[in-house]
Structure formats: C-alpha cells, structure tokens
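> Got a predicted model here, sequence first, then my questions.
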Amino acid sequence: MTVKEYLQHEVDTGQKHEYHDGLIYALAGGSLEHALLIGNIYSELRNGLKKKGSNCKPITNDAKLYIAKEDKYLYPDTMVICGEMERSKDVKDAVTNPILIVEVLSKSTTEYDRGDKFYFYRQIPTLQEYVLIEQNRRVVEVFYKKEKNDLWSISRYEGLNEIIKLQSIAIEISMQELYFDIEEEG
C-alpha cells in the first residue's frame, strides 16, 4: 500500500492505523484506564510546560508521527515537541521531531512498546526521552538519552509517593497526579 492509499484508507474507515513500509495495522481501542492515563499525562505535561513558559507543547494520540529512517507512521499516546513543529513532507498532519514520547502499556502492547516500537523511536534524531506508563500497577519507566550518543539511562518510579523527573523538558510529575482516578488491579 502506498502512503497515499494508507491515508485514504484511514479517511474511508475512520480508524487509525500504523503504517510500516507499505503494510498497515489497525490500532485497537484502549481501556478506560488507558484513556484516563493519556489524559492525565497530557494534562500534567501541558500544565508543567505552561507554568515554565516553555516553547514546548504536548500533543495527544490523534497526531501521527512519521519516522523517515524507518518509513513508518505511528500514533504515540502522547508526544512533546519543542520549538518549531516539523512535519512530514508527504503528510502535513504528521510530525517528525518529538523530544519526548509517552506510551501507556497494556497487556497486548507491552512487548511491542518496549521492543520494536522503542527501536523505531530511537531512529528519531530529536528524541531524548521515552516514558512507559503501566496502567495496572503504579509503575513508570523513563528512558533518557543525553546529548547525541546512543546510551540511554533508565529511571523507574514505583508507588504514589514518587515524583517523575523528565529531564528533556525539565519538569516533574507527581505519580499521585498521574494516576488520579485510576483503579489499581488487585
């Protein structure tokens, strides 16, 4: 399938799909907790960046991300872009320059989000931070890349008393706020 056919298919079906080198994959709907966590992280990012007077802006999972090196269009749960928003030359609704990407993990996506998807994301020259949020436990992992090298450090936050530190955008988020209104599985 060409990119043009892919875009038309999304319009025709009204459904989001990932595009991988000519193949498309429908995105399944998420749980209520997944939706709440996306809303919570977006809100915390927006408020933190706004309070700092930052030129960075969070974007919801309705925006496409184009990874040129991999020829892929993906829908991260949330992204942050600093400065000018760069767009794909072929698809004007797809951005190319996030500094931070967030994925909310589910049983069906955990392996992909931690493995292949993280590999694809690491091909983005501007990406400095990758955040994985578990929806069934109070656990967040933050992968951070300093400078232009390919060494990633990992910070793990567990429990509602933790404060998540996002180095790429210099803000902190309370786990209590992130997991607001989220019921923990027993």
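Thanks, I have the structure now.

> Show me what stretch 5-16 is in contact with.
Met1, His17, Tyr19, Ile24, Ala26, Leu27, Tyr73, Tyr75, Val91 (Cβ atoms under 8 Å, 6 or more residues apart in numbering). Using the backbone N, CA and C atoms, a C-beta is placed for each residue, glycine as well.

> what about the last one, is that helix, strand or coil?
Three-state call for Val91 (DSSP: H, G, I helix; E, B strand; the rest coil): coil.

> Any idea how many residues pack against it?
A count of nearby residues for Val91, using other Cβ atoms under 10 Å, gives 17.

> what's it sitting at in phi/psi?
phi -130, psi 100 (degrees, to the nearest 10).

> right, and it touches Tyr66 too?
Yes. Assessed by Cβ atoms under 8 Å, Val91 is found in contact with Tyr66 at 6.3 Å.

> Overlap of the contact sets of the two?
What both Val91 and Tyr66 touch, as defined by Cβ under 8 Å, 6+ apart, is the set Tyr73.

> ok, which pair from the contacts of stretch 5-16 is furthest apart?
Using Cβ to Cβ, the contacts of stretch 5-16 span at most 18.1 Å, a distance reached by Ala26 and Val91.

> pull the CA atoms of the least confident helix or strand in the chain by mean pLDDT into CSV?
Lowest mean confidence among the helices and strands of the chain (mean pLDDT, DSSP states H and E): strand 23-26, at a mean of 80. C-alpha atoms of strand 23-26 as CSV (Å, rounded to 0.1, in the frame of the first residue of the first chain):
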residue,chain,number,x,y,z
LEU,A,23,1.7,-2.6,5.4
ILE,A,24,-0.9,-1.2,7.7
TYR,A,25,-2.0,-2.4,11.1
ALA,A,26,-5.3,-1.3,12.8
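
> so how far is it from its chain's centroid?
Distance of strand 23-26 from the chain centroid (Cα atoms, centre = their mean, to the nearest Å) equals 18 Å.

> Just the buried residues of it, please?
Applying a neighbour-count criterion of 16 or more other Cβ atoms under 10 Å, one finds Ile24 buried in strand 23-26.

> Check stretch 66-74 too.
Tyr66, Ile67, Glu70, Lys72, Tyr73, Leu74.

> So for it, mean pLDDT?
Averaging pLDDT along stretch 66-74 yields 92.

> what does it contact?
The contact list for stretch 66-74 (Cβ under 8 Å, 6+ apart) reads 3, 6, 18-21, 64-65, 88, 90-91, 94-96, 117, 120-121, 123-124.
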